[in-house]
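1. here's my sequence, what's the structure:
(one chain, ligands or ions: 3)
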Amino acid sequence: MKKIILLGYMGCGKSTIANKLSGMIQIPYIDLDEYIEKKVNLTIKEIFETHGEIYFRKLEHTFFVELLNSPEKNIIGLGGGTPCYANNHELLNGDGVTSIYLKASIDTLFNRLVANKSKRPLIADKSAAEMKEFIAKHLFDRSFYYNYAQHKVSVDDKTIEETVNDILNLLA
Ligand SMILES: Nc1ncnc2c1ncn2[C@@H]1O[C@H](COP(=O)(O)OP(=O)(O)OP(=O)(O)O)[C@@H](O)[C@H]1O
Ligand SMILES: O=C(O)C1=C[C@@H](O)[C@@H](O)[C@H](O)C1
Ligand SMILES: [Mg+2]
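-> Ligands and ions are numbered 1, 2, ... in the order given. Model (predicted):
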């Protein structure tokens, strides 16, 4: 089986869905953000604060390529911005990869992120009104890259189990 890559905007459910899927199909899940944090022994927030976003994007590319080149079968959950930098979108169609965009509407993302923004440096200091505007613009810019995924699964108004089932059907 190919490596399964889940991508999409912050809060679309990559970590939640990947964890559930991993348990069901018995393939290990690696979260790229967590992988980077372990490799450099800093949280994402600390990397942004200490070294800035450009440095983070370089790390993100390096470790994404490292994971793709590893021989293990696994599910890789990307960071929300991973496909949008360093030509990472081209890697979504490489040999040995099944890439799936978890597509969420602005409202779904806003509702999930508004109460849970502190670990996400790009939105941590925004008010609710600013966040909605930010998500709308950002999602518009990023959709171009997300659409390079081989498959798209809509997550709006679905339970975790329903989304996982949609993915299992794609993989069948
Ligand atoms: N049906 C659902 N599917 C997935 N996640 C859901 C669902 N309903 C609520 N959530 C919640 O949405 C929030 C965001 O999910 P999660 O952290 O998995 O997103 P993410 O895409 O990994 O975000 P990030 O890119 O910031 O790591 C979590 O609190 C999760 O519990
Ligand atoms: O959307 C983004 O650009 C980000 C999403 C997170 O997963 C982290 O990778 C980081 O906070 C940047
Ligand atoms: Mg996550």
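2. and I4, which of the three is it?
-> At I4, secondary structure determined by DSSP: H, G, I helix; E, B strand; the rest coil is strand.
3. if I read this right, it contacts L78, doesn't it?
-> No. Using C-beta atoms under 8 Å, I4 makes no contact with L78, being 11.2 Å away. C-beta here means a position set from N, CA and C on the backbone, and glycine is covered the same way.
4. now the farthest one out in this structure, which residue is it?
-> A129 (23.7 Å; C-alpha atoms, centre = their mean).
5. and it, what element?
-> Following DSSP states H and E, the helix or strand that holds A129 is helix 128-146.
6. doesn't D157 make contact with S105?
-> No. Here S105 does not reach D157: they are 9.2 Å apart, not a contact under C-beta under 8 Å.
7. which one's more surrounded, the two?
-> More crowded of S105 and D157, by other C-beta atoms under 10 Å: S105, with 16 against 8.
8. now do the contacts for the more buried one.
-> D156 (C-beta atoms under 8 Å, 6 or more residues apart in numbering).
9. ligand 3 versus that one, what's the distance?
-> Note on S105: its distance to ligand 3, by C-beta to the ion, to the nearest Å, is 18 Å.
10. who in this protein is up against ligand 1?
-> With C-beta under 6 Å from any ligand atom as the criterion, the chain comes near ligand 1 at residues 10-17, 33, 79-80, 112, 116, 120, 155, 158-160, 163.
11. now, of those, which are buried?
-> Among the residues of the chain next to ligand 1, the ones that count as buried by 16 or more other C-beta atoms under 10 Å are 10-14, 16-17, 33, 79-80, 112, 120, 155, 158, 163.
12. which other helices and strands does the helix holding A129 contact?
-> helix 106-113 (3 or more C-beta pairs under 8 Å, 6 or more residues apart in numbering; DSSP states H and E).
13. buried residues, the helix it packs on. List them.
-> Of all the residues in helix 106-113, those buried under the rule 16+ other C-beta under 10 Å are I106, T108, L109, F110, R112, L113.
14. swap in stretch 69-89?
-> So stretch 69-89, judged by 16+ other C-beta under 10 Å, has buried residues 74-86, 88-89.
15. kindly report the same for stretch 151-170.
-> V153, V155, K158, T163, V164, D166, I167.
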